[in-house]
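In: Take this sequence and fold it.
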Amino acid sequence: MRAIEFREYGAPEVLKVTEVETPEPGAGQVTIDVAYAGVNFADLKARGEGYRVDSLPYRPGLEVSGRIRAVGDGVEGMRPGQEVSALVAGGAYAEVVVAEAATVFRLPEGLDLRTAATLPTVLPTAHALLHEVGRLRAGETVLVHGAAGGVGTAAGQLARAAGAGAVYGVVSTTAKAEHALKHGYDEVFTSDTFAEDVRRATAGKGVDLILDPVGGDTLRRGLDALAVFGRLVSFGNAGGEEPWHVGQPELYARGRSVAGFSVLALAQSAPDALRSLAERAFRTVTDGTVNLPVTAEFALEDAAEAHELMGSRTSTGKLLLRIAN
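Out: The predicted structure follows:
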């Protein structure tokens with residue numbers, strides 16, 4: 001079968017099409033004939049700096065949609081031919097992928113494979129950030145970094161549906177603001193001035209909830225933009241700065257709190273909780289609450305072009321690799 005791998009870290013050009021042996025499922029696993037694979041920023045970090053890479057060569061990709069090819073021992077309720085989406089630890093850039101049955105999700109009625117490929121990382125993440133971890137209440141104000149990306153596009157719509165009092169977004173360039181404003185946001189700021197913009201927009205009060213995938217100085221400035229009893233949920237370190245540290249001086253005086261979330265970590269530590277979360281999150285697509293647009297689609301052999309586009313920080317919405325359908 002064909003797959004995309006890299007044998008050294010570097011620019012998108014290190015991604016190469018290779019012919020590899022078709023895998024077979026082990027106990028508790030299934031193999032999936034992949035229709036589409038999602039492209040995520042974590043894939044770029046893996047290629048560029050070895051994020052979550054155990055050894056080389058490495059096959060990137062964390063989410064797929066397709067049809068079950070074969071079922072391993074001990075797997076119940078799944079059979080060859082079923083249409084599914086799946087969250088995988090890696091290897092999604094391939095014609096066939098192995099997935100743990102615990103992180104394979106049967107598609108709700110009416111959900112097509114193309115849309116399904118956009119969901120496994122983005123929808124559970126956005127839902128958890130706002131609800132399970134962020135504890136958003138109706139009437140509260142929300143600020144979302146990366147508002148034009150996949151998680152940000154979903155989070156804006158979910159916050160609006162939950163009755164947020166105001167939904168503010170942060171984007172890296174003003175060119176992305178229009179996309180965010182179409183997906184639930186009341187006002188969109190740029191990353192260099194967001195803290196000042198929040199204070200202006202809220203008459204100095206600050207926001208109740210911040211969702212931050214950037215970390216570093218962005219997180220520290222976000223703490224200053226929180227209202228009394230405000231919460232900040234960290235879900236990444238896209239800025240690549242040293243891990244952040246928060247203590248009593250930043251939290252005690254105004255009763256602020258900081259939490260964290262990773263859908264990949266949840267898949268490892270509590271797959272049953274992930275399944276329940278994913279089911280709740282996927283319903284928001286089938287009931288029309290969330291529309292997650294695919295803004296660019298590439299053939300498997302053009303994975304480097306997909307990475308080039310995402311790395312340029314000009315992309316919006318969701319990027320996919322089309323493998324078969």
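In: Hmm, Leu277 and Glu132 touching each other?
Out: Yes: with contact defined as Cβ atoms under 8 Å, Glu132 counts as touching Leu277 (6.6 Å). For glycine as for every other residue, the C-beta is placed from the backbone atoms N, C-alpha and C.
In: What is the lowest-mean-pLDDT helix or strand in the chain packed up against?
Out: Least confident element among the helices and strands of the chain, by mean pLDDT, DSSP states H and E: helix 248-251 (a mean of 84). Based on contacts counted as 3 or more Cβ pairs under 8 Å, 6 or more residues apart in numbering; DSSP states H and E, there is no element that helix 248-251 packs against.
In: So which residues make contact with it?
Out: 220, 223, 256-258 (Cβ atoms under 8 Å, 6 or more residues apart in numbering).
In: closest to Ala99 among the residues you listed?
Out: For these, the minimum distance to Ala99 (Cβ to Cβ) is 32.3 Å, reached by Val258.
In: what kind of secondary structure is the closest one in?
Out: Following DSSP: H, G, I helix; E, B strand; the rest coil, Val258 is assigned to strand.
In: Any idea what it is bridged to?
Out: Here Val258 shows beta-bridge partners Leu232, assigned using DSSP bridges.
In: shouldn't it be in contact with Ser234?
Out: Yes: look at Val258 against Ser234 with Cβ under 8 Å: they come within range, at 6.6 Å.
In: Looking at these two, which has the bigger crowd around it?
Out: Taking other Cβ atoms under 10 Å, Val258 and Ser234 do not tie; Ser234 has more neighbours (24 against 19).
In: For that one, grab phi and psi.
Out: When read as degrees, to the nearest 10, the backbone of Ser234 gives phi -90, psi 130.
In: any idea how far it is from Thr284?
Out: According to Cβ to Cβ, to the nearest Å, Ser234 stands 23 Å off from Thr284.
In: Is it correct that Pro293 is in contact with Ser315?
Out: No: counting by Cβ under 8 Å, Ser315 is not a contact partner of Pro293; they are 11.3 Å apart.
In: more crowded one of the two?
Out: More crowded of Pro293 and Ser315, by other Cβ under 10 Å: Ser315, with 20 against 14.
In: Contact partners for that one?
Out: By Cβ under 8 Å, 6+ apart, the neighbours of Ser315 are 149, 295-296, 309.
In: Do you know the pLDDT at it?
Out: According to the prediction, Ser315 has pLDDT 88.
In: Distance of it relative to Ala11?
Out: Separation of Ser315 from Ala11 (Cβ to Cβ): 17 Å.
In: which helix is the longest one in the chain?
Out: For the chain, the helix with the greatest residue count under DSSP state H is helix 271-286.
In: for the helix or strand following that one, the distance to its chain's centre please.
Out: Later in the chain than helix 271-286, the nearest helix or strand by DSSP states H and E is strand 294-299. Using Cα atoms, centre = their mean, to the nearest Å, the distance from the centre of strand 294-299 to the centre of the chain it belongs to is 16 Å.
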